[in-house]
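Asker: fold the following, please.
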Amino acid sequence: MAIDPDHLLSMPPIVTRQRLTPRDTILYALGVGATELDFLFEERLQALPTMAVTLGYPGFIWRDPALGANWRKILHGEQSTILHQPLPVEGEIVGTTRIEALFDKGADKGALAMVAREIHDGAGAHLATSRSMTFLRGDGGFGGTSEGAPTPHPLPDRAPDAIVTLATAANQAQIYRLSGDLNPLHIDPDVAAGAGFDGPILHGLATYGVIGRALLAVRCGNDPARLRRIDGRFSSPVYPGETIETMIWDAKGSGDEGKLAFRARVVERDKIIFTNGYAETA
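Answerer: Numbering: from 1, shown residues only. Got it, this is the predicted structure:
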């Protein structure tokens, strides 16, 4: 079965209700390697801003045969998260997910799907907007356009203003998946091999969370309320146990206070794994 773009774009929104608990908030923080007590201890608990990507999450929708995608060849290509206010550590969460756009790169290159999720609390307050670009590597050639996809944020041609190095644990993916992303690519060696990897890879959003921790630490004083947005492109996978180095550039233009560019690499393989990053801080 091939993907049907008309069907995917006309699907009704997926509404997901979640009861967020302090345990969930702590488990997410552990899944992205946090060690600070403010993100792990119930008596002073705060939510990491990047936890928004797990809130109101409908699950790995591409495994549903009705969508027609080859889920074994799917990768997370880009992620944008806008924080409208600090995230709660507990309470009712409502996520509304829809496929916003499809871009056909050709039968030999695959397709891109832009998936947006609006996240509210139980009282209707708008908490965050999560927008991801999913790379459907086995589903191009359906006759759609390749025009209109988001353009990457440029990186400065100079030395970074800050560098943060954070290690990941060998069992990082096994912990992170407990926050809701159960794609077997991240735990099953056979599925990983079938997708062309040497072993299970770290979730892209776990990598994203590690990078978010770096930005939060060096430009926000670990105050979650100060990180307002974080965008960028996944360029290569991370294997659990590898070290992630985040390079950060402060915007220098008038009116650009609090705006950052960034990218990240795996130290052990000297491989860029996240690029064209853009963040806004207060």
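Asker: may I ask which helix or strand encompasses Val218?
Answerer: Assigning secondary structure by DSSP states H and E places Val218 in helix 204-219.
Asker: dump the C-alpha coordinates for that helix into CSV.
Answerer: C-alpha atoms of helix 204-219 as CSV (Å, rounded to 0.1, in the frame of the first residue of the first chain):
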residue,chain,number,x,y,z
GLY,A,204,15.9,11.9,17.7
LEU,A,205,13.8,13.7,20.3
ALA,A,206,16.1,12.3,23.1
THR,A,207,19.0,13.9,21.2
TYR,A,208,16.8,17.1,21.0
GLY,A,209,16.3,17.0,24.7
VAL,A,210,20.0,16.7,25.4
ILE,A,211,20.7,19.7,23.2
GLY,A,212,17.8,21.5,25.0
ARG,A,213,19.5,20.9,28.3
ALA,A,214,22.7,22.4,26.9
LEU,A,215,20.9,25.6,25.8
LEU,A,216,19.0,25.8,29.0
ALA,A,217,22.2,25.5,31.1
VAL,A,218,24.4,28.1,29.3
ARG,A,219,21.9,30.6,28.1
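Asker: count of residues packed around Gln79?
Answerer: 23 (other Cβ atoms under 10 Å). In short, each C-beta sits where N, CA and C put it, glycine included.
Asker: burial measure for the nearest residue to Glu92 once chain neighbours are set aside, as a count.
Answerer: Excluding the flanking residues, the one nearest Glu92 by Cβ to Cβ, 6 or more residues apart in numbering is Gly122, at 3.0 Å. Gly122 has 14 neighbouring residues, counting by other Cβ under 10 Å.
Asker: isn't Gly122 up against Pro88?
Answerer: No. Counting by Cβ atoms under 8 Å, Gly122 sits too far from Pro88 to count as a contact (9.6 Å).
Asker: wait, what's in contact with the closest residue in space to Asp38 that isn't next to it in sequence?
Answerer: Nearest non-adjacent residue to Asp38, counting by Cβ to Cβ, 6+ apart: Gln46, 5.0 Å away. Contacts for Gln46 (Cβ atoms under 8 Å, 6 or more residues apart in numbering) come out as Asp38, Phe39, Pro86, Val89, Pro224.
Asker: now do 7 Å
Answerer: Gln46 is in contact with Asp38, Phe39, Val89, Pro224, counting by Cβ atoms under 7 Å, 6 or more residues apart in numbering.
Asker: for the last one, what are its contacts?
Answerer: When you say that, I think you mean Pro224. Gln46, Ala47, Leu48, Pro49, Pro86, Leu216.
Asker: ok, and for the helix holding Val218, which residues are buried?
Answerer: 204-216, 218-219 (16 or more other Cβ atoms under 10 Å).
Asker: ok, and what's touching that helix?
Answerer: 31-34, 48-50, 53, 76, 79, 162, 164, 166, 168, 172-173, 176, 181, 222, 224, 227, 230, 234, 238, 244, 246, 248, 260, 262, 264, 273-274, 279, 281.
Asker: can we see that at 6 Å?
Answerer: 32-33, 50, 53, 76, 79, 162, 164, 166, 176, 222, 227, 230, 234, 238, 244, 246, 264, 274, 279, 281 (Cβ atoms under 6 Å, 6 or more residues apart in numbering).
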